[in-house]
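Give me the fold of what follows.
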Amino acid sequence: MSNLKAKNIFKEKILAGEKTIGTFCELMSENVVEALGYAGLDYVVFDNEHSPIEAETNLALVRAAEHGGITPFARVKGISRPALLKLLDIGVQGLIVPNVKTVDDVNQLVSWSKYAPIGNRGFSASRKDGWGYMLNMSIQDTMEFFNEQVLLIPQCETIEALESIEEITAINGVDGIFVGPYDLSIAMGIPGEFSNPKFVAALDRIIRACRKAGKFTMIFTANQQAAIDYLNNGFDSVSYYMDAAFLIDGCRSKMNAVRDGIKKAEE
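Take a look at the predicted model:
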């Protein structure tokens, strides 16, 4: 069988120097995820931290992402082995991990999410590799393949992570860093002040550390101009908005346009 589904298209784009754009999934709708792929987004993040999404729902959403040609990521609900392994075994291609604080946290994440010799991820044939029938590889080759294709992306959203960012990005097994700007600005005592020089300096520090270590950078924003600015000023990827907000804003815009047209006709 083909191994194309298992290849990480997001990573290929990053390695080619392309900027990527994704969004978060909160609605738990397979149809919405598939449609986001047709809309041209590069990836979607299933939010296990702030939404009701659990393992079975993630499985259905991964399938929908594959149908839509969009790379499936997941933000895990916590720093624990089960929280990572179930997502990895159903075929998620990138793990975004919130509330990371220490180098030890990250080393533990690498141990759980990467196969030997990088980590100690438990091995089992599962949906990710067609229960052993999709890749037709040896165990060793399978481990090497998924170590390359599945991305570990700690979030930098705490003061502790920011202060250790150079050490964190240097860890073998860390593929990139995802900045959580809301929580990071709150932790810095400047909630929502994204243009504050202290916050801008923090972003510059994260970008520099990632570039030095050869890792990519991601950040969330709900603002269109901010998304453009982040991509133009050093970030490799922006997670822009979420599916619920796209639905609300799109519907509101279309309905308001119709209502405005009715008023003009009446005049």
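
what's the next secondary structure element after the helix or strand hosting Ala64?
Using DSSP states H and E, Ala64 sits within helix 55-68. As assigned by DSSP H and E, the chain's next helix or strand after helix 55-68 is strand 71-75.

Show me which residues of the following helix or strand past that next one are buried.
Using DSSP H and E, the helix or strand that follows strand 71-75 in sequence is helix 81-90. The neighbour-count check on helix 81-90 (16 or more other CB atoms under 10 Å) flags Ala83, Leu84, Leu85, Lys86, Leu87, Leu88, Asp89, Ile90 as buried. No exception for glycine: its C-beta is placed from N, CA and C like everyone else's.

With stretch 61-74 instead?
For stretch 61-74, the neighbour count (16+ other CB under 10 Å) marks Leu61, Val62, Arg63, Ala64, Ala65, Glu66, Gly68, Ile70, Thr71, Pro72, Phe73, Ala74 as buried.

Any idea how far apart the tips of it sit?
Length of stretch 61-74, first residue to last, CA to CA, to the nearest Å: 10 Å.

Now Val179: closest residue in space that isn't a chain neighbour?
Ile219 (4.2 Å; CB to CB, 6 or more residues apart in numbering).

Kindly format the C-alpha coordinates of the helix or strand harbouring the one you found as PDB.
Assigned by DSSP H and E, Ile219 falls within strand 216-221. Taking C-alpha atoms only, strand 216-221 is exported to PDB below (Å, rounded to 0.1, in the frame of the first residue of the first chain):
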ATOM      1  CA  PHE A 216      11.100  26.100  12.900                       C
ATOM      2  CA  THR A 217       8.900  28.700  14.600                       C
ATOM      3  CA  MET A 218       5.100  28.800  14.900                       C
ATOM      4  CA  ILE A 219       2.700  31.300  16.600                       C
ATOM      5  CA  PHE A 220      -1.000  31.700  17.100                       C
ATOM      6  CA  THR A 221      -2.900  34.900  16.300                       C
END
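
Please compute how far it lies from its chain's middle.
8 Å (CA atoms, centre = their mean, to the nearest Å).

Direction included, what does it pair against?
Strand 216-221 has its sheet partners listed here by DSSP bridges as strand 176-179 (parallel), strand 237-242 (parallel).

which other residues reach the first one?
By CB atoms under 8 Å, 6 or more residues apart in numbering, the list of residues contacting strand 176-179 from outside reads 14, 96, 151, 153-157, 165, 168-169, 203, 206, 209-210, 215-220, 236-237, 239.

tell me the mean pLDDT for it?
Averaging pLDDT along strand 176-179 gives 98.

how about the CA coordinates for it, as PDB?
Output in PDB follows, covering the C-alpha atoms of strand 176-179 (Å, rounded to 0.1, in the frame of the first residue of the first chain):
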ATOM      1  CA  GLY A 176      10.000  23.400  16.400                       C
ATOM      2  CA  ILE A 177       8.600  25.800  18.900                       C
ATOM      3  CA  PHE A 178       5.000  27.100  19.100                       C
ATOM      4  CA  VAL A 179       4.500  30.400  20.800                       C
END
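
Now the element after it, going C-ward?
Following strand 176-179 in sequence order, the next helix or strand is helix 181-187 (DSSP H and E).

how far does that following helix sit from the chain's center?
With CA atoms, centre = their mean as the basis, the mean position of helix 181-187 lies at 18 Å from the chain mean.

what comes up buried for that helix?
By neighbour count with 16+ other CB under 10 Å, helix 181-187 contains the buried residues Pro181, Asp183, Leu184, Ser185, Ala187.

got it, and stretch 163-175?
With burial defined by 16+ other CB under 10 Å, the residues of stretch 163-175 counted as buried are Ser164, Ile165, Ile168, Thr169, Ile171, Val174, Asp175.

now swap in stretch 200-209 and tell me
The neighbour-count check on stretch 200-209 (16+ other CB under 10 Å) flags Ala202, Leu203, Ile206, Ile207, Ala209 as buried.

With distance to Gly122 added, can I get those residues in TSV?
TSV is the format used below for these (distance: CB to CB, whole Å):
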residue	distance to Gly122
Ala202	36
Leu203	36
Ile206	31
Ile207	34
Ala209	30
